[in-house]
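**Q** this one's structure only:
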(Lines give C-alpha, C1' and ligand atoms only; values in the text may rest on other atoms or scores of the structure.)
Protein backbone atom coordinates (compact mmCIF):
# COMPACT_ATOMS: atom_id res chain seq x y z
CA UNK A 1 0.00 0.00 0.00
CA UNK A 2 3.01 2.27 0.14
CA UNK A 3 2.53 2.96 -3.56
CA UNK A 4 -1.27 3.26 -3.51
CA UNK A 5 -4.22 0.95 -3.98
CA UNK A 6 -3.89 0.86 -7.76
CA UNK A 7 -0.35 -0.49 -7.47
CA UNK A 8 -1.12 -2.99 -4.70
CA UNK A 9 -0.42 -6.57 -5.76
CA UNK A 10 -0.38 -9.93 -4.02
CA UNK A 11 3.01 -10.51 -5.66
CA UNK A 12 4.45 -7.47 -3.86
CA UNK A 13 3.00 -8.63 -0.53
CA UNK A 14 4.41 -12.12 -1.05
CA UNK A 15 7.84 -10.71 -1.84
CA UNK A 16 7.82 -8.37 1.17
CA UNK A 17 6.70 -11.21 3.45
CA UNK A 18 9.18 -13.69 1.94
CA UNK A 19 6.39 -16.12 1.12
CA UNK A 20 4.43 -17.29 -1.90
CA UNK A 21 1.22 -16.10 -3.50
CA UNK A 22 -0.43 -19.45 -2.79
CA UNK A 23 0.20 -19.05 0.95
CA UNK A 24 -1.45 -15.61 0.87
CA UNK A 25 -4.40 -16.83 -1.20
CA UNK A 26 -5.03 -19.61 1.36
CA UNK A 27 -5.69 -16.91 3.95
CA UNK A 28 -7.24 -14.18 1.79
CA UNK A 29 -9.41 -15.00 -1.27
CA UNK A 30 -8.63 -11.83 -3.26
CA UNK A 31 -6.46 -8.71 -3.21
CA UNK A 32 -9.03 -6.67 -1.27
CA UNK A 33 -9.14 -9.07 1.70
CA UNK A 34 -5.62 -8.36 3.06
CA UNK A 35 -6.26 -4.63 2.70
CA UNK A 36 -9.49 -4.94 4.70
CA UNK A 37 -7.70 -7.06 7.33
CA UNK A 38 -4.92 -4.47 7.63
CA UNK A 39 -7.39 -1.61 8.02
CA UNK A 40 -9.40 -3.51 10.64
CA UNK A 41 -6.22 -4.32 12.58
CA UNK A 42 -4.96 -0.75 12.52
CA UNK A 43 -8.32 0.73 13.48
CA UNK A 44 -8.53 -1.62 16.45
CA UNK A 45 -4.89 -1.07 17.44
CA UNK A 46 -5.01 2.72 17.17
CA UNK A 47 -8.38 3.16 18.88
CA UNK A 48 -8.03 5.14 22.10
CA UNK A 49 -8.68 3.21 25.28
CA UNK A 50 -12.00 3.79 26.97
CA UNK A 51 -11.73 5.86 30.13
CA UNK A 52 -11.76 3.90 33.36
CA UNK A 53 -14.11 4.75 36.25
CA UNK A 54 -11.12 6.04 38.22
CA UNK A 55 -10.14 8.30 35.33
CA UNK A 56 -13.68 9.69 35.07
CA UNK A 57 -13.92 10.27 38.81
CA UNK A 58 -10.76 12.36 38.68
CA UNK A 59 -11.36 14.26 35.42
CA UNK A 60 -15.01 14.13 34.29
CA UNK A 61 -17.39 16.81 35.46
CA UNK A 62 -20.73 15.77 36.91
CA UNK A 63 -22.63 18.94 35.99
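**A** Perfect, thanks for sending it. Values in this document were obtained by computation on a predicted structure and should not be read as measured data. Numbering: from 1, shown residues only.

**Q** counting contacts, what elements does the longest helix anywhere in the chain pack onto?
**A** Ranked by number of residues, the top helix in the chain under DSSP state H is helix 32-46. Contact analysis of helix 32-46 by 3 or more CB pairs under 8 Å, 6 or more residues apart in numbering; DSSP states H and E lists helix 21-27 as its packing neighbours. Quick note: C-beta positions are derived from backbone N, CA and C, even for glycine.

**Q** what do you get if the cut-off is 7 Å, keeping everything else the same?
**A** Based on contacts counted as 3 or more CB pairs under 7 Å, 6 or more residues apart in numbering; DSSP states H and E, there is no element that helix 32-46 packs against.

**Q** Would you mind listing the outside residues contacting that helix?
**A** For helix 32-46, the surrounding residues in contact (CB atoms under 7 Å, 6 or more residues apart in numbering) are 1, 8, 13, 24, 28.

**Q** What is the burial count for the fourth one?
**A** In this case it means residue 24. 17 (other CB atoms under 10 Å).

**Q** just checking, it touches residue 13?
**A** Yes: counting by CB atoms under 7 Å, a contact exists between residue 24 and residue 13, whose distance comes to 6.0 Å.

**Q** Where does the prediction get shaky in this protein?
**A** Low-confidence segments of the chain, defined by pLDDT under 70, are located at 1-2, 55-58, 60-63.

**Q** Would you check how far apart residue 47 and residue 40 are?
**A** 11 Å (CB to CB, to the nearest Å).

**Q** And residue 9, by the same measure?
**A** Applying CB to CB to residue 9 and residue 40 gives a distance of 21 Å.

**Q** before we move on, what about residue 21?
**A** Going from residue 21 to residue 40 by CB to CB gives 22 Å.

**Q** The two - which one has more neighbours?
**A** Using other CB under 10 Å as the criterion, residue 21 and residue 40 rank with residue 21 on top: 13 against 10.
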